[in-house]
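[1] Next input, structure requested:
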Amino acid sequence: MSVLSDTNYEVKWGRKCPKVYHSNLMKPYMRRKAVVNLALNVPEDEGAEILCLSDGTVSSTLSDRVDTGNTLSKAQEEDLELLVQEFATVFSEKPGKTDVIKHDIELTVNKPISCKPYRVSPRQREILEAEIRRMIDLGVIIEADSDFTSPLILVEIPGRDPRPCVDYRRLNSVTVDQTYPIPNIEERVETVSKAKYISTLDLVRGYWQVPLTERASRYAAFISPLGTFRPLMMSFGLKNAPYCFSRLMDKVLHGLEKFALPYLDDVAIFSDKWEDHVEHLRMVLERIKNAGLTVKREKCHLGCAEVSYLGHIVGNGRRRPSELKVAAVVGYRRPSTKTEMRAFLGLTGYYQHYVPNYSEIASPLTDSLRKTEPVNIQWDSKKEDAFQKLKHALSEKPVLRAPDFAKPFTIQCDASERGLGAVLCQTDQSGEERPVLYLSRKLSSREEAYSTSEKECACIVWAVRKLGCYVAGSKFIIETDHSPLTWLHQMSPKNGRLLRWSIALQQHNFEVRYKRGGLHTNADALSRAF
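    Coordinates of the predicted model:
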């Protein structure tokens, strides 16, 4: 910039031609302070997981620590009481710190990534300062400069203080994919279900018990009003965190596979004899203690006859889905109008080539869509029989298939004005799409007020959470008939709810694909089943 006169200035902008400005148009440059954004989390929302560390106190009684299923004798409870006292430091609310493994991050680019910070109110700034000081005191983060910075957001829950969460989406987009075999759920469930005594352990904030390498700490740095900070532990939202954690648990429990099976931060210990179970549990707790890890006491179940494990109720040689794979279809509400009938036939017709004599079975229902028929469906025994037969056909082989964990999964999602629907599916050897599981639920009154994009995004977050035990740690595809969501990974901070949901999904490795509504009738019908 150069002075032409007392009131005129010439300004040059890079290679552009210089422009002359009057002094009235000029104002001093003010550097903005680093701030963060707020994302509101209402009770019905499917929000992001937020770090919330307590004081790490340990309870003094077995009943305060863990659930024993109320099926044990007094002597058996005493055995567990002694065991819990022996490993009192393992049952904690405070994350441990393992020395077994460190998480590293490798990038596809050489240049630093520095994201702009978001905004925050004075009240939220005070809360953020307190949270950062607490994490520094706990040794979770340190104040240090870095040429890589990701922005911090605050997720606020009504009635509670906001909690910080780092937006790692840009960092994840240039992070090299890591691969490590995620355990087969079906095999794990089948093995554990045969046992007479089962215990399950859930690690406290599992990711936060894994330290970062120096390089990873530099890459995962975040910016806040207090400066730049580097995390010392593996943060929620980092792309390859599930692979790293699976590798850790396999190392910790190596050699105990005959009676202890981990799945991410869940560990199942199973035995047929009580004396063996106590010894098996002691061996697992010893390994966890030596690895510097801790488990969450209120989520532990010790010596139970039946437990909830990876979406199933297992024990005593029995297993059943805790949420039926086919409940969304079996419980499908009987259509009362032509519009509802078209939606149901859209669902069944999507898989009609797997149903022998589909057209013949469905004919009483398709006949009700004729122009001469009334708008409100007149139900009779033939229609009811066809309705039940089609629901049964979609719930059994050859339509419904068992999951194959050697192949990628696809989650098909759709939202309507009244509900959400999703189908977990895979492609078979002949290239045909086969459903593995159906999901649906009704929208709450608050969710019904969401915009179309918010409803469709809420459906994706809900489906991924419900199906986490199938897709966690593997690359999968999300299909939606709402094209704007194909840019979910690049969501801007203008809509706090969509931003928060986007960040909640950032740890998963997935691709969002658009599927035209006319080809998306299965998930669409499930969303309209209310």
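[2] pLDDT below threshold where in the protein?
    13-16, 22-70, 155-162, 320-326, 353-354, 397-400, 488-496, 520-521, 524-525, 529-530 (pLDDT under 70).
[3] Report the residue ranges of every domain in it.
    Here the domain parsing of the chain from automatic domain parsing is 62-99+179-211+239-320, 327-395, 410-527.
[4] Turn these into JSON lines, columns for mean neighbour count.
    Glycine gets a C-beta too; all of them are placed from N, C-alpha and C. JSON lines is the format used below for those (neighbours: other C-beta atoms under 10 Å):
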{"stretch": "domain 62-99+179-211+239-320", "mean neighbour count": "18"}
{"stretch": "domain 327-395", "mean neighbour count": "16"}
{"stretch": "domain 410-527", "mean neighbour count": "19"}
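[5] Just send the ones you listed back as a markdown table, with distance to Thr149 too.
    Putting the domains of the chain into a markdown table (distance: least, C-beta to C-beta, whole Å) gives the following:
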| stretch | distance to Thr149 |
| --- | --- |
| domain 62-99+179-211+239-320 | 17 |
| domain 327-395 | 43 |
| domain 410-527 | 15 |
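[6] what residues are up against the nearest residue to Ala472 once chain neighbours are set aside?
    Closest residue to Ala472 apart from its sequence neighbours, by C-beta to C-beta, 6 or more residues apart in numbering: Pro242 at 5.3 Å. Going by C-beta atoms under 8 Å, 6 or more residues apart in numbering, Pro242 touches Ile182, Leu264, Ala472, Gly473, Gln507.
[7] check contacts around Ala220.
    Ile105, Phe148, Ser150, Val166, Tyr168, Leu171, Leu212, Arg230, Pro231, Ser235, Leu238.
[8] do you know how far it is from Glu131?
    Ala220 is 17 Å from Glu131, where distance means C-beta to C-beta, to the nearest Å.
[9] what do you get for Ala472?
    Using C-beta to C-beta, Ala472 is found at 27 Å from Glu131.
[10] With Ile141 instead?
    Taking C-beta to C-beta as the measure, Ile141 falls 10 Å from Glu131.
[11] And the helix or strand encompassing Gln426, how far out from the chain middle?
    Under the criterion of DSSP states H and E, Gln426 resides in strand 419-427. Centroid displacement of strand 419-427 relative to its chain, using C-alpha atoms, centre = their mean, to the nearest Å, is 16 Å.
[12] May I have the strands that pair with it, each with its orientation?
    Using DSSP bridges, the strands paired with strand 419-427 are strand 410-415 (antiparallel), strand 433-442 (antiparallel).
[13] Filter the contacts of Ala220 down to the ones in strands?
    Where the contacts of Ala220 overlap with strands, as defined by DSSP state E, the overlap consists of Ser150, Val166, Arg230, Pro231.
[14] Pull out the buried members of those.
    Ser150, Val166, Arg230, Pro231 (16 or more other C-beta atoms under 10 Å).
[15] Closest one of these to His392?
    Comparing these against His392 with C-beta to C-beta places Val166 closest, at 47.7 Å.
[16] and the nearest residue in space to the closest one that is not next to it in sequence, how many residues sit next to it?
    Take Val166 and drop its neighbours on the chain: the residue closest to it by C-beta to C-beta, 6+ apart is Phe222, 4.7 Å away. When counting by other C-beta atoms under 10 Å, one arrives at 27 neighbours for Phe222.
[17] Name whatever forms a beta bridge with Phe222.
    With DSSP bridges as the rule, Phe222 is bridged to Ser150, Phe229.
[18] these two touch, right, it and Thr149?
    Yes - using C-beta atoms under 8 Å, Phe222 is in contact with Thr149, at 6.2 Å.
[19] Pull up the overlap in contacts between these two.
    In contact with both Phe222 and Thr149: Thr228, using C-beta under 8 Å, 6+ apart.
[20] Quick one: the helices in the stretch 351-500 of the chain, in order.
    358-367, 381-395, 452-466, 468-471, 496-504 (DSSP state H, counting those that start in this stretch).
[21] Just tell me which of these ends up closest to Asp272.
    The closest of the helices of the stretch 351-500 of the chain to Asp272 is helix 468-471. By C-beta to C-beta, the value is 25.1 Å.
[22] So what touches that closest one?
    185, 263, 310-311, 403, 409, 411, 424, 436-437, 464, 508, 510.
[23] Mind putting the strands paired with strand 419-427 into TSV with distance to Leu72?
    Listed next are those as TSV, based on distance: least, C-beta to C-beta, whole Å:
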stretch	distance to Leu72
strand 410-415	40
strand 433-442	34
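[24] closest one to Val284 among those?
    Closest approach to Val284 among the strands paired with strand 419-427 is made by strand 433-442 (30.3 Å; C-beta to C-beta).
[25] Helix 452-466 and that closest one, what's the angle between them?
    Put simply, strand 433-442 runs at 110 degrees to helix 452-466, going by axes from the mean of the first three to the mean of the last three C-alpha atoms, to 10 degrees.
[26] next one: strand 433-442 to chain centre, how far?
    Centroid separation for strand 433-442 versus its chain: 17 Å, with C-alpha atoms, centre = their mean.
[27] next one: stretch 77-97
    28 Å.
[28] Also stretch 242-254?
    The chain centre lies 19 Å from the centre of stretch 242-254; the measure is C-alpha atoms, centre = their mean.
[29] Okay, the most centrally placed residue in the chain and Glu306: tell me how far apart.
    The residue lying closest to the centre of the chain (C-alpha atoms, centre = their mean) is Arg465, at 4.1 Å. Noted for Arg465: a distance of 24 Å to Glu306, by C-beta to C-beta.
[30] who's in contact with Ile288?
    Contacts for Ile288 were tallied using C-beta under 8 Å, 6+ apart; they are Val90, Leu201, Val252, Val267, Thr294, Val295.
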